[in-house]
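Student: Just the structure for this:
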Amino acid sequence: MVEMSCSNGAIQELSMPTKINEPIYIGGTPTYDLYLQKYVNQRYLYINGIRAKVLLGGTHYQMIEPVLLSEFDEICRLFNENTVKLFVDDESYLPFIIQADGWPIFSIELVGTSFVMNTKLGLYNIIDTGKRIEVIFNFEIIPLLKEVGLYD
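Tutor: Got it, this is the predicted structure:
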């Protein structure tokens, strides 16, 4: 699950799992399960809690930081609310929970063998927002991460 917090159209916090085929060495240990992170009030990429630029290959990660974070900002700009928290599926890249100013405006839950959707958004807004988030992930964010070996 990808978790994002936005404020005024800019990414504030991010936690995104990713698996890779070639390990990244963190503290001398080969690591395949990664969490890409961004913390509040910092415009830096972290990998498993360590600033990406200090890792082996860090110059490549540092080069994509501004572009990568601007793509997450693009997702944040889809919402007019001051603060938005998004929970996005890490396989389909479709949102399943959206909270605006602390209140849920969209959620999909699995209940037994069916899904229950609660929303304050119109059907068009749900489809359009989901599609735009999916496109940004699949055509902007994921290729950028693959370019530097942070996604397989």
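Student: What are the buried residues along the longest strand along the chain?
Tutor: When the chain is parsed with DSSP state E, its longest strand is strand 10-26. Within strand 10-26, the residues that qualify as buried are I11, Q12, E13, L14, M16, T18, I20, I24, counting by 16 or more other CB atoms under 10 Å. Glycine gets a C-beta too; all of them are placed from N, C-alpha and C.
Student: Using the three-state scheme, assign H60.
Tutor: At H60 the chain is in helix, as set by DSSP: H, G, I helix; E, B strand; the rest coil.
Student: ok, it - contacts?
Tutor: By CB atoms under 8 Å, 6 or more residues apart in numbering, H60 lies in contact with V148, G149.
Student: how about a cut-off of 7 Å?
Tutor: V148 (CB atoms under 7 Å, 6 or more residues apart in numbering).
Student: Also I141?
Tutor: L68, E71 are the contacts of I141 under CB under 7 Å, 6+ apart.
Student: Now do the same for it: its pLDDT.
Tutor: Note on I141: pLDDT of 97.
Student: Quick check: the two most widely separated of the buried residues of strand 10-26?
Tutor: Q12 and I20 (25.8 Å; CB to CB).
Student: in the helix or strand that the longest strand of the chain is followed by, what's buried?
Tutor: Using DSSP states H and E, the helix or strand that follows strand 10-26 in sequence is strand 29-38. By 16+ other CB under 10 Å, the buried positions in strand 29-38 come out as L34, L36, Q37, K38.
Student: Now do the contacts for the residue lying closest to the last one once chain neighbours are set aside.
Tutor: Spatial nearest neighbour of K38, chain neighbours left out: L14 (4.0 Å); criterion: CB to CB, 6 or more residues apart in numbering. Shown here is L14, whose contacts under the criterion CB under 7 Å, 6+ apart are M4, L36, Q37, K38, F72.
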